[in-house]
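[1] A predicted structure for the sequence below; I have some questions about it.
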Amino acid sequence: MTTDFHCSHCGECCRIPGQIHLTEADITRLATLLGLTEHEFIQCYAELARDRRDLVIKGDPALPCLFLNGNDCVVYPARPQQCAGYPLEWNNPGWEQICRPKPQ
């Protein structure tokens, strides 16, 4: 597997079905970016994960992330750790079809 890729900012990674889990640091960064307290961020944008172990971004796991606007992540500078780790830290077969290898 390649360790380099070229992000074309197509937004396809934000459309992959599943939940985006939030760390405490994610919540702090996102709340700050959005001008909210952490409590306000959680009330507006988070919910309990299906496994009830942590918080995730609200929404239907089958739909695109609620922070996706067109092909742009509106919270990109403060995106969750899970998002920042895509694709290399994910077990997502076929990601190479979305993320082209970095040109040499």
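    Great, that's in hand.
[2] and the pLDDT for the most centrally placed residue in the chain?
    Central residue of the chain (C-alpha atoms, centre = their mean): Cys83, 3.5 Å from the mean position. At Cys83, the model reports a pLDDT of 92.
[3] excluding chain neighbours, what is closest to it?
    In space, and not counting its chain neighbours, Cys83 is closest to Ile20: 6.4 Å by C-beta to C-beta, 6 or more residues apart in numbering. In this view, the C-beta of every residue, glycine as well, is placed from N, C-alpha and C.
[4] for that neighbour, what are its contacts?
    Going by C-beta atoms under 8 Å, 6 or more residues apart in numbering, Ile20 touches 56-57, 65, 80, 82-83.
[5] out of those, who's the most crowded?
    Comparing the contacts of Ile20 by number of neighbours (other C-beta atoms under 10 Å), Cys65 comes first, having 24 neighbours.
[6] roughly how far does the closest residue to it other than its chain neighbours sit from His39?
    Nearest residue to Cys65 in three dimensions, chain neighbours excluded: Cys14, at 4.4 Å (C-beta to C-beta, 6+ apart). Note on Cys14: its distance to His39, by C-beta to C-beta, to the nearest Å, is 25 Å.
[7] more crowded one of the two?
    It is Cys14, of Cys14 and His39, that has more neighbours when counted by other C-beta under 10 Å, with 19 against 10.
[8] who's in contact with the more buried one?
    64-65, 67-68, 73, 83.
[9] closest one of these to Leu48?
    Cys65 (17.2 Å; C-beta to C-beta).
[10] wouldn't that closest one be in contact with Gly59 here?
    Yes. Using C-beta atoms under 8 Å, Cys65 is in contact with Gly59, at 7.0 Å.
[11] for Arg29, state which of the contacts of Cys14 is nearest.
    Nearest to Arg29, judged by C-beta to C-beta, of the contacts of Cys14 is Cys83 at 11.3 Å.
[12] mind naming the longest helix for this protein?
    If you go by DSSP state H, the chain has its longest helix at helix 24-34.
[13] so which elements touch the following helix or strand past it?
    The element immediately downstream of helix 24-34 (helix or strand, assigned by DSSP states H and E) is helix 38-45. Under the contact definition 3 or more C-beta pairs under 8 Å, 6 or more residues apart in numbering; DSSP states H and E, helix 38-45 sits against helix 24-34.
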